[in-house]
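Participant: fold the following and give me the result.
(chains A and B)
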Amino acid sequence: MIRSHVLICGGTGCTSSGSQKVRERLAEEIKAKGLDEEIKIVQTGCFGLCAMGPVMIVYPEGTFYCRVTPEDIPEIVEEHLLKGRPVERLEYKEGAEKADAAATAAASLSDTNFYKSQMRVALRNCGVINPENIDEYIARDGYMALGKVLTEMTPDDVIQVLLDSGLRGRGGAGFPTGLKWKFAKAYDNDQKYVCCNADEGDPGAFMDRSVLEGDPHAVLEAMTIAGYTIGASQGYIYVRAEYPIAVKRLQIAIDQAKEYGLLGDNILDTGFKFNIELRLGAGAFVCGEETALMTSIEGKRGEPRPRPPFPAEKGLFQKPSILNNVETWANIPQIILNGPEWFAGIGTEKSKGTKVFALGGKINHTGLVEIPMGTPLRKVIEEIGGGIPNGKKFKAAQTGGPSGGCIPASLIDTPMDYDSLLAIGSMMGSGGLIVMDEDNCMVDIAKFFLQFTVDESCGKCTPCRIGTKRLLEMLEKITSGKGTLEDLDKMEDLCYYIKANALCGLGQTAPNPVLSTLRYFRDEYEAHVVEKRCPAGVCKALMKYTVDKEKCIGCGLCMKNCPVSAISRTDYTAPGHKLASVEIDQDKCIKCGLCMSNCKFSAISKK
Amino acid sequence: MKTLAELQAIREKMKDSVIMRSGSGNVRAVVGMATCGIAAGARPVLSALVEEVNTLGISDKVTVTQTGCIGICRYEPVVEVFEADKEKVTYVKMTPEKARRVAEEHLKNGKVVEEYTIGAVEK
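Facilitator: Modelled structure (predicted):
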């Protein structure tokens, strides 16, 4: 008889921090102690607290262990699983990542700052069930929404429920999902398609991966519901080949669903037919754009095409098609089961429900969070995210990746919903949230994202192919100290030109990081241009390392470490010291910073 | 191929197995599983309790877990029952048979088995 469940995260984050070895060791140890009939090990999807991985939770007590190594396992088994004494040193402690805060063991997971303001709808099964076991999904009401739809609802009912719920696309643009389905249903055709966009490509984003890894059946169930609603019998999931765990679990889920008759020719004995196939993306960012994605599924080169016709009329293989993002799909079974009023009761007036964010950058709790729409950014950063490491100051947060914009510290109380973010020149995006502190240079950030779009531009249209390249060159000119104030104006003009003329979403949104940093951090651009100075000390060409001759004792450690021999002795010896102090030849210096990090007397500084 | 009814049957069957992860039980039965408890035979008591709670179908209300040494080693195996707004009940010198009775009478029907409690034994 099983008396305890040990859940170990098998998401990509914890897998790369070694959760698989921990799981294997645990299985051995439990067997050795003869507990294998009493204790069940469950591999789950992401818990969200990736920064503290590998994470493990023991039920029924709900003890949350973090940063578990295989060496910790014998102690956990002996002390906790056998004798019932939780291993305190491994328990998650509030504020443990901050050196100054008094760390206290969390009484219960849901009371921690990280979890207490979260609301898990799309992630409800992530970190709770074994994603490779369909029965566990069913136990948590899985496929009940499909059952309800097939036996009690007409396609129009389903569309009405989605419209009433106010669900908007979670891929970034925020188009009402019910409307999208309504359009696709309205076009008559012998063949229609349902597609899932799992080509998550924004740097730092991993929301969709976590849903696919932790709850793949939710996506399959929702797509089947869509098939019934719009009259399609075939679905495709376009998933990145770089997500091997997600691909594997999706395939397992599809096979299990087929075996149970939840996919196939006669679903739940109702005569409804629907199948789902996987298509692996080869790593082009542009394939996350809907028309390029469909072109790629067709086996052609992934390039966008002009709209209209919209996919609802002529999409995949020129047939009426719908495409929704993974997170959008994951919400749908819950809306069907709990009713549109329930969903519409969460969030703000125009943004209903919750949103998953992947927290990254300069933040203590790197990980995955799901919050009701409209939660202020401050709460996400300071409370859920646990603040900025090393006591640094919050400078800005980038939402929407290379298509989005930044939210400066002065707007930290902005509610996180579609319209509020658009109003301040950013966007919801798919959910990447990159936090920056005072050490980040905003011009450099804009350059980073531009570099990404230049690399990923498919080249089909001129504004994007050439425009972004020219934009990047201007940014490089500025960060190397050769920019002029005129360049700033030219850059802004070019941004608006690209936005207005690019063919697809990639190009139309590519200038956003430049525009929003120009809007909120123009003084930083001007410092680069006018004063030839990088206030954050990031842009190498504008930095200068200097020696404080009074502090320098002339030990020569920096001379020894300098890779380009740019440091030499001067004629000056500081009072009280025996050796002559040193100076840096600015023409030779490559600004590696080794001299500064090696100096034991803080005599070298950078400006 | 499954019908909706069969699907619901799977859900009912599986529900008990995942309910443990919601931590919803408002009654907690805690078995002392320190060295003293194990030596006195707490393992079979724990197993019996877990089994009986499942057989009685009350696993959604009752959480069975272990703890360390309570400090009354001479009374081991000890089972303590915690319920919201009620005083804690401590059962001592437990056996698998006694545990099953406690599960049925106390955990399921809410009636304390007085004769096994520490109060009765200390008299």
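
Participant: when you work out contacts or count neighbours from here on, use the C-alpha atoms and nothing else.
Facilitator: Will do.

Participant: now the helices for chain B?
Facilitator: B:4-19, B:35-40, B:42-55, B:96-102, B:118-122 (DSSP state H).

Participant: the fourth one and chain A in contact?
Facilitator: No. Using C-alpha under 8 Å from any C-alpha of the partner chain as the criterion, no contacts between helix B:96-102 and chain A are found, and the smallest distance is 14.0 Å.

Participant: so which elements touch that helix?
Facilitator: helix B:42-55 (3 or more C-alpha pairs under 8 Å, 6 or more residues apart in numbering or on different chains; DSSP states H and E).

Participant: again, only using 10 Å
Facilitator: Applying 3 or more C-alpha pairs under 10 Å, 6 or more residues apart in numbering or on different chains; DSSP states H and E, one finds that helix B:96-102 makes contact with helix B:42-55, strand B:79-83, strand B:89-91.

Participant: out of those, nearest to chain A?
Facilitator: helix B:42-55 (5.9 Å; C-alpha to the nearest C-alpha).

Participant: ok, and for the closest one, which residues are buried?
Facilitator: For helix B:42-55, burial by neighbour count (16 or more other C-alpha atoms under 10 Å in any protein chain shown) applies to B:42-54.

Participant: and which of the residues you listed is nearest to A:Thr462?
Facilitator: B:Asn54 (67.4 Å; C-alpha to C-alpha).

Participant: against A:Lys532, how distant is the closest one?
Facilitator: Counting by C-alpha to C-alpha, to the nearest Å, the separation of B:Asn54 from A:Lys532 is 73 Å.

Participant: where does the stretch 401-550 of chain A get nearest to chain B, residue-wise?
Facilitator: For the stretch 401-550 of chain A, C-alpha to the nearest C-alpha, closest residue to chain B: A:Gly431, 27.0 Å.

Participant: B:Asn54: what's it in contact with?
Facilitator: Residues in contact with B:Asn54, defined by C-alpha atoms under 10 Å, 6 or more residues apart in numbering or on different chains, are A:Met1, A:Ile2, A:Arg3, B:Asp16, B:Ser17, B:Ala48, B:Asp60, B:Val62, B:Ala103.

Participant: what's the burial count for the fifth one?
Facilitator: Residues near B:Ser17, counting by other C-alpha atoms under 10 Å in any protein chain shown, number 18.

Participant: I'd say it and A:Glu136 touch.
Facilitator: Yes. In this structure, B:Ser17 is within contact of A:Glu136 by C-alpha atoms under 10 Å, at 8.2 Å.

Participant: my guess is A:Ala282 contacts A:Ala241. True?
Facilitator: Yes. Between A:Ala282 and A:Ala241 there is a contact at 6.1 Å, judged by C-alpha under 10 Å.

Participant: which residue is nearest the middle of chain A?
Facilitator: A:Ala205 (2.1 Å; C-alpha atoms, centre = their mean).

Participant: and the closest residue to that one other than its chain neighbours, backbone torsions?
Facilitator: Using C-alpha to C-alpha, 6 or more residues apart in numbering or on different chains and skipping the chain neighbours, the partner closest in space to A:Ala205 is A:Gly432 (4.5 Å). Backbone torsions of A:Gly432, given as degrees, to the nearest 10, read phi -70, psi 130.

Participant: contacting residues around A:Gly432?
Facilitator: A:Gly432 neighbours (C-alpha under 10 Å, 6+ apart): A:201-207, A:356-360, A:368, A:397-402, A:404.

Participant: which among those residues end up buried?
Facilitator: A:201-202, A:204-207, A:356-360, A:368, A:397-402, A:404.

Participant: mind listing which of those residues are in helices?
Facilitator: Those of the buried ones among the contacts of A:Gly432 lying in helices (DSSP H): A:Met207.

Participant: filter the buried ones among the contacts of A:Gly432 down to the ones in strands?
Facilitator: Using DSSP state E, the subset of those located in strands is A:Val356, A:Phe357, A:Ala358, A:Leu359, A:Gly360, A:Leu368, A:Ala397, A:Gln398, A:Thr399.

Participant: contact partners for residue 47?
Facilitator: Unless you meant another one, I'm taking chain A. A:7-11, A:13-14, A:53-57, A:123, A:125-128, A:210, A:214, A:367-369.

Participant: nope, chain B
Facilitator: B:Ser47 touches A:Met1, A:Ile2, A:Arg3, A:Glu37, A:Glu38, B:Val53, B:Val64, B:Pro96, B:Ala99, counting by C-alpha under 10 Å, 6+ apart.

Participant: with distance to A:Tyr525 and pLDDT added, can I get the residues you listed in CSV?
Facilitator: Converted to CSV, these look like this (distance: C-alpha to C-alpha, whole Å; pLDDT from 0 to 100):
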residue, distance to A:Tyr525, pLDDT
A:Met1, 66, 76
A:Ile2, 62, 84
A:Arg3, 61, 85
A:Glu37, 65, 87
A:Glu38, 63, 87
B:Val53, 68, 89
B:Val64, 62, 87
B:Pro96, 75, 93
B:Ala99, 74, 93
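
Participant: burial measure for B:Lys88, as a count.
Facilitator: B:Lys88: 12 neighbours (other C-alpha under 10 Å).

Participant: how close does it get to A:Gly84?
Facilitator: 19 Å.
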